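sequence? don't have it. structure:
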Ligand SMILES: [Fe+2]
Ligand SMILES: [Fe+2]
């Protein structure tokens with residue numbers, strides 16, 4: 001029950017933040033155009049699942065490395081990491097086909113928008129400064145890669161903030177195991193295999209090792225989500 005109630009409050013916090021932005025054009029999320037609403041809900045739910053995985057991952061990284069990691073800040077940042085997608089055309093986010101190179105560039109701009117939106121939304125929610133800083137950093141840098149081939153800044157290795165390096169792994173996991181408009185859900189073991197194979201290229205090897213050490217907890221969290229969607233989503 002603890003997990004469900006945490007999900008509910010995370011969901012409420014995210015919904016409130018998004019409504020602050022959406023209210024400029026619509027009275028509530030339900031009045032947004034249908035596709036925009038569907039894209040926002042997909043972003044909500046992906047963020048919430050990532051927040052759950054991140055909680056276990058951040059605790060494990062803290063315990064393995066002894067670093068003074070603020071677990072709650074990382075969970076918060078994970079929930080909001082894709083908030084910049086609210087500025088990307090919904091038809092691209094929901095396209096049931098591969099994107100063209102130009103369309104991909106537009107979708108990739110969500111990290112640039114994310115920096116702006118995360119700061120604006122979380123300030124409106126009076127989020128404490130350390131959590132806000134972490135969320136802005138993660139929203140802006142979660143698509144950087146360990147080998148420097150990521151976007152938008154092509155940062156390399158440890159020049160990528162730890163929170164963003166962790167987010168890249170969590171994000172990859174959820175994208176693989178969740179259904180998307182252009183693909184069906186992959187299996188947990190497939191996702192872990194991809195993450196393991198990308199150690200040293202997309203991801204920091206030592207973080208991959210820690211993530212895989214808690215893979216069973218991550219798998220349980222994932223299957224709990226899909227078993228209780230209506231409770232969690234409040235729909
Ligand atoms: Fe993203
Ligand atoms: Fe994401």
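All right, it came through fine. Computed from a prediction, not measured in an experiment: that's the story for all the values here. Ligands and ions are numbered 1, 2, ... in the order given.

Pull the distance from the longest helix that the chain contains to the chain's centre.
The residue-count maximum for a helix in the chain (DSSP state H) belongs to helix 34-65. Its chain's C-alpha centre and that of helix 34-65 lie 5 Å apart, by Cα atoms, centre = their mean, to the nearest Å.

Also stretch 196-214?
17 Å.

Enumerate the residues of the chain near ligand 2.
Residues of the chain found near ligand 2 (Cβ under 5 Å from the ion) are 82, 171. (Each C-beta comes from the backbone N, C-alpha and C, glycine too.)

Output the below-cut-off pLDDT ranges for the protein.
For the chain, residues meeting the criterion pLDDT under 70 lie at 1-32, 228-235.

how close does the residue lying closest to residue 76 once chain neighbours are set aside sit to ligand 2?
Ranked by Cβ to Cβ, 6 or more residues apart in numbering and with sequence neighbours excluded, the top spatial neighbour of residue 76 is residue 131, at 4.9 Å. Distance of residue 131 to ligand 2, given as Cβ to the ion, to the nearest Å: 19 Å.

so who does residue 131 touch?
Contact analysis of residue 131 by Cβ atoms under 8 Å, 6 or more residues apart in numbering lists 70, 72-73, 76-77, 122.

thinking again about what came up before, and the longest helix of the chain, which residues are buried?
The neighbour-count check on helix 34-65 (16 or more other Cβ atoms under 10 Å) flags 36-37, 39-40, 42-62 as buried.

and what of stretch 151-171?
151-152, 155, 160-171.

for the residues you listed, which one is nearest ligand 2?
Closest approach to ligand 2 among these (Cβ to the ion): residue 171, at 4.2 Å.

what ranges do the helices span in the protein?
2-22, 34-65, 71-80, 90-93, 101-108, 110-124, 129-141, 162-177, 188-197, 205-213, 215-227, 229-233.

Just say which of these is most tucked in.
Counting by mean count of other Cβ atoms under 10 Å, helix 71-80 has the highest mean neighbour count of the helices of the chain, with a mean of 24.

what does that one rub up against?
Applying Cβ under 8 Å, 6+ apart, the set of residues contacting helix 71-80 from outside is 10, 13-14, 17, 47-48, 50-55, 57-59, 62, 114, 118, 121-122, 127, 130-131, 134-135, 137-139, 163, 166-167, 170.

again, only this time at 6 Å
If you take Cβ atoms under 6 Å, 6 or more residues apart in numbering as the criterion, helix 71-80 is touched by 10, 14, 47, 50-51, 54-55, 58-59, 118, 130-131, 134-135, 138, 163.

Alright, calling it a day.
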